[in-house]
Structures are given as structure tokens and as C-alpha cells.
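Q: what's the 3D shape of this:
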Amino acid sequence: MAMTSTRPHALVAMGADAFADLFDPPRLSTLRATATIDDPLRVDDLTAPQTLPRLREAEILITGWGGPRLGPELLSMAPRLRAVLHAGGSVKGHVSPAFWEAGVLVTSAADANAVPVAEYTLAMILLEAKRAPSYIEGYARSRDVAGAWRRDIPPALGFGGTVGIVGLSRVGRRVADLLRPFDLRVLVADPLQDERSAALAGARLTSLDDLLAESDIVTLHAPELPETRHLIDARRMALLRPHSVIINTARGSLVDTEALIARCRTGTLRAILDVTDPEPLPSHSPLFTTPGVVMSPHIAGAMHAETHRLADAVLEELRRVAQGQPPRHRIDRASLGFIA
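A: Down below sits the predicted model:
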């Protein structure tokens, strides 16, 4: 898409912490060399009086975590706008559908953000397959390296265990690829995929119910949609094998929290949750004290230096758009109904 100059006018709208992580001095230098950006480089409020003149000139908006939602009213305030380059994962809930209707290019760094999420998921799968967290907890509790407490821990799964991937998304596909070197059987449930696409990922396609019944470890990578809310409900929770593990790095709403708590309290399920419903959790949530529930505070995605992948992806898109080349990571409006 051609711009009006080789160095298009750009405006950066994202949170201060995200900006500091994304753009170190070399990347800031590349940003300034590729686009015309006035000071301050970053803004919090696109509708602030001091920002409106810059918004009227902006051809590109570079957005990220902690930035303002781009509502339809912004289009009339930015008559020259041609592209929104998002230095984060999902653009749903961040960019109004009106931008697509107006012909504004929207891109995302979701592919770059999928890398750390998949790596985190792999780490959790391997640790849980070894039952390492259970041994760590038992050792700390008993302080006896070879005590009878070890007999209460289910057998390890690292050789011949089954991992079920729910959603062959960007992250789900990368998780399947990362699992290739290990002696684990991989199943996939995804209504948008066929047997061939699953096989190319090193997995076997099956139904969600069969996946839950056959898997020792289930990892969720489905999008948040009305039809995926409580995808793992009480009925499906009951299908999970005794001593199985469920990992959620996708969206908290995929899991019925009450059903999860009830199953974990029986001592026959472990849950590794990087996301919850709601998020943030209230401090009195029973998830904090439910046996078998391990929570991390939404850290699977890119953090600190890992965000440089996202910055590099956005800078590459900026360069391509400035030179009239097609973007690499365009988000089509038609995909909003099934992407995360």
C-alpha cells in the first residue's frame, strides 16, 4: 500500500511500560529512520488536544499493550490514516471493525507473540509429564528425599504419554512442532482443521470429547468466541482421565471455573493457569487455595526482552508499508470471527 512519502507520518499509542520494553535504543533509531514521528514519541490519549494535530497528519498508528482502544470516532480525526500496526497479539477488542470498513490496513505481531507462549506451554508440559511440581511440593512438605510420600504421586508421562492440543492456532501449531523431539503422542481438536493439516503438525485430528478422554495433558489454544465460552464445562471436565493435567495459556473463559475447582478438589486433576475468568481475579477467589491449581500472572506472552520480537515485526511491517510492499501479517476482517 503506497504512502504519501517514503517516510510516512506515524504516531505511537501504547502504554509506557510496553513502549519501554519494545523499543530499546537500536529499535528506536530504526523507528525514527523509517517514519516521521514528532516528540513525544509515545502518547496515551489520541484525543487529547495536544495530540489531535498529530493525529490529523498520521498515516500510520503504531499501537500496543496499554494503549487506547481505536473506536470508529477516530477515523474522522485521522483523515490520512492508512494503517494500524499493532505491536501485540490480538487486535479484537482493540480496533473497531469500522477501520476495516474504511479500508485501513491492520496488522498484528501475533506470530511473534506466539513464540514465548508456545515455549512456556512446552515447559509446563514437560515439567508436568515428569510430575516435577508434585515431587517438588512433596519434598518440601516431607523433607525426606525417598519417603513413602512418593508413592502418592501418579506415574510420570514422559515416555508414551498423550498430549491433547485444543486449537491448532498459531500457538497450538507451534506447540505441536516443539513437541516433535519428545516421546509423546499428540492429538488435536479443531473444527477448522482437517486430518492432513493436523498430520503436517505431527498430530492426529480427533473430536474434542475423544481428545479429552485420551489425553494425559490437555493444553488450550482456542480463540475466545461466544461459542467457545466454557468449552471445557462440567460434562467435558468429567471426561478427563484421573491425574490428568489441563494447561490454559489462551483465555480464561474457555474453562468453566466452578467445574474446574470442583474437579481439582477431588485430587484427580491438576490445572496450570496463566489466564483466568475473570481476569484479574479477586483476592478472595477460591482458585488461589484450590489443591492442584497452579497459577501464573499472565506471563506466557512476550515479556521484557522477548518483546523485541514484536518490535522487530512491527518495524518490518512499517518498512514494507513505507516502501509500498505488501505487509506480512495483515489481519483480514473475515478472520475476526475465528482468531484469538
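Q: Distance from stretch 231-239 to the middle of the chain?
A: Once both centres are worked out by CA atoms, centre = their mean, to the nearest Å, stretch 231-239 turns out to sit 23 Å from its chain's centre.
Q: One more: stretch 255-272?
A: Distance, centroid of stretch 255-272 to centroid of chain: 22 Å (CA atoms, centre = their mean).
Q: and it, which residues are buried?
A: Within stretch 255-272, the residues scored as buried using 16 or more other CB atoms under 10 Å are 255-257, 259-261, 263-264, 269-272. Quick note: C-beta positions are derived from backbone N, CA and C, even for glycine.
Q: May I see the buried residues of stretch 97-116?
A: Of the residues in stretch 97-116, those with enough neighbours to count as buried (16+ other CB under 10 Å) are 99-100, 104-116.
Q: picking up where we left off before, can you put the buried residues of stretch 255-272 in CSV and add pLDDT?
A: Shown next, in CSV, are these (pLDDT from 0 to 100):
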residue, pLDDT
Val255, 98
Asp256, 98
Thr257, 98
Ala259, 98
Leu260, 98
Ile261, 98
Arg263, 98
Cys264, 98
Leu269, 98
Arg270, 98
Ala271, 98
Ile272, 98
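Q: I'd like those as JSON lines, with distance to Ile37 and secondary structure appended.
A: Formatted as JSON lines, the entries for the buried residues of stretch 255-272 read as follows, by distance: CB to CB, whole Å; DSSP: H, G, I helix; E, B strand; the rest coil:
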{"residue": "Val255", "distance to Ile37": "42", "secondary structure": "strand"}
{"residue": "Asp256", "distance to Ile37": "46", "secondary structure": "coil"}
{"residue": "Thr257", "distance to Ile37": "43", "secondary structure": "helix"}
{"residue": "Ala259", "distance to Ile37": "49", "secondary structure": "helix"}
{"residue": "Leu260", "distance to Ile37": "46", "secondary structure": "helix"}
{"residue": "Ile261", "distance to Ile37": "48", "secondary structure": "helix"}
{"residue": "Arg263", "distance to Ile37": "51", "secondary structure": "helix"}
{"residue": "Cys264", "distance to Ile37": "49", "secondary structure": "helix"}
{"residue": "Leu269", "distance to Ile37": "50", "secondary structure": "strand"}
{"residue": "Arg270", "distance to Ile37": "48", "secondary structure": "strand"}
{"residue": "Ala271", "distance to Ile37": "44", "secondary structure": "strand"}
{"residue": "Ile272", "distance to Ile37": "41", "secondary structure": "strand"}
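Q: remind me which residues of this protein are low pLDDT?
A: With pLDDT under 70 as the threshold, the chain has low-confidence stretches at 1-5, 337-340.
Q: thinking again about what came up before, which of the buried residues of stretch 97-116 fall within helices?
A: 99-100, 110-116 (DSSP state H).
Q: hey, where'd the helices end up in the stretch 1-150 of the chain?
A: 16-22, 25-34, 52-57, 73-77, 97-101, 110-129, 132-142 (DSSP state H, counting those that start in this stretch).
Q: could you dump those to CSV with distance to Arg185?
A: Output for those, formatted as CSV (distance: least, CB to CB, whole Å):
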stretch, distance to Arg185
helix 16-22, 38
helix 25-34, 41
helix 52-57, 53
helix 73-77, 49
helix 97-101, 41
helix 110-129, 12
helix 132-142, 20
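Q: Among those helices, pick out the one with the most neighbours on average.
A: Greatest average neighbour count among these goes to helix 110-129 (a mean of 21), per mean count of other CB atoms under 10 Å.
Q: What helices and strands are in contact with it?
A: For helix 110-129, the packing partners by 3 or more CB pairs under 8 Å, 6 or more residues apart in numbering; DSSP states H and E come out as helix 170-178, strand 217-220, strand 244-248, strand 269-273, helix 308-322.
Q: what about 6 Å?
A: Applying 3 or more CB pairs under 6 Å, 6 or more residues apart in numbering; DSSP states H and E, one finds that helix 110-129 makes contact with helix 170-178, strand 217-220, helix 308-322.
Q: among these, which is nearest Leu239?
A: Distance to Leu239, taken as CB to CB, is lowest for strand 217-220 among those, at 9.9 Å.
Q: what's the next helix or strand after that closest one in contact with?
A: Scanning forward in sequence from strand 217-220, with DSSP states H and E defining helices and strands, the next element found is helix 234-237. Taking CB atoms under 6 Å, 6 or more residues apart in numbering as the criterion, the residues outside helix 234-237 that touch it are 212, 259, 263.
Q: and of these, the nearest to Arg131?
A: For those, the minimum distance to Arg131 (CB to CB) is 18.2 Å, reached by Arg263.
Q: Could you pull up the residues touching that closest one?
A: Contacts were defined as CB under 6 Å, 6+ apart; by that measure Arg263 touches 237, 269.
Q: what's the answer for Leu318, then?
A: Thr34.
Q: Let me have the helices and strands packed on helix 110-129 in JSON lines, extended by distance to Gly89.
A: Conversion of the helices and strands packed on helix 110-129 to JSON lines gives the following (distance: least, CB to CB, whole Å):
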{"stretch": "helix 170-178", "distance to Gly89": "9"}
{"stretch": "strand 217-220", "distance to Gly89": "15"}
{"stretch": "helix 308-322", "distance to Gly89": "9"}
